[in-house]
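>>> turn this into a structure:
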Amino acid sequence: MTVIAWDGEAHRSYFKSEKPSPGILKKLHGSVKGQPCWLKFEGICKAPDTVVYAHFRDLATGFGLGLKGYFGCPACHSCHAEVDGRTTILERDFAKSRHAMQSLRYWHHLKDLIWKIL
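The predicted structure follows:
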C-alpha cells in the first residue's frame, strides 16, 4: 500500500482558479430547470417553481480557494434562504450539513455533465 503525504499546500494549487466563466455557471444554473428542491427542509420547503442553483460557499471561506460558484444543488426559494442565512428557522449546522451532502449528491448526479462543461 502506498501512502501519499499531504503537504497542506497541494490542494491550494489544484483548486486555485480564476473566476468561473459565465458559460460554465450558466450551464450549471440551467441544469436545475425542472428539478425538485434537493434540500427539502421539513416545514420550510415549498414552491417548486422557484428552484434555483444554491451555491455552497463554505468551501472557499478563509482558504483562498477558487471554488465559489461551482459547488451546489437545486433548492427552492425558502430552502435557499435558510442555507444562505436569510432565515434562521433551523440550526445553522444542520442546514449547512444538509446543503453539503445534497450538493455532493447533485454533483454525482451530474458527473457526466460536469466533466463536459468544466
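>>> give the rounded mean pLDDT of the top helix by length along the chain.
Looking across the chain with DSSP state H, the single longest helix is helix 92-109. For helix 92-109, mean pLDDT rounds to 91.
>>> helix, strand or coil for the residue lying closest to residue 98 once chain neighbours are set aside?
The shortest distance from residue 98 to any non-neighbouring residue, by CB to CB, 6 or more residues apart in numbering, is to residue 39 (6.0 Å). Bear in mind the C-beta positions are built from the backbone N, C-alpha and C, glycine included. Following DSSP: H, G, I helix; E, B strand; the rest coil, residue 39 is assigned to coil.
>>> count the residues that sit near residue 39.
23 (other CB atoms under 10 Å).
>>> how much space between it and residue 26?
Residue 39 sits 22 Å away from residue 26, going by CB to CB, to the nearest Å.
>>> repeat for residue 103
Residue 103 sits 18 Å away from residue 26, going by CB to CB.
>>> buried residues, the longest helix of the chain. List them.
Neighbour counts over helix 92-109 (16 or more other CB atoms under 10 Å) mark 95-96, 98-100, 102-103, 106-107, 109 as buried.
>>> over to stretch 70-84?
For stretch 70-84, a neighbour-count test (16+ other CB under 10 Å) marks 70-83 as buried.
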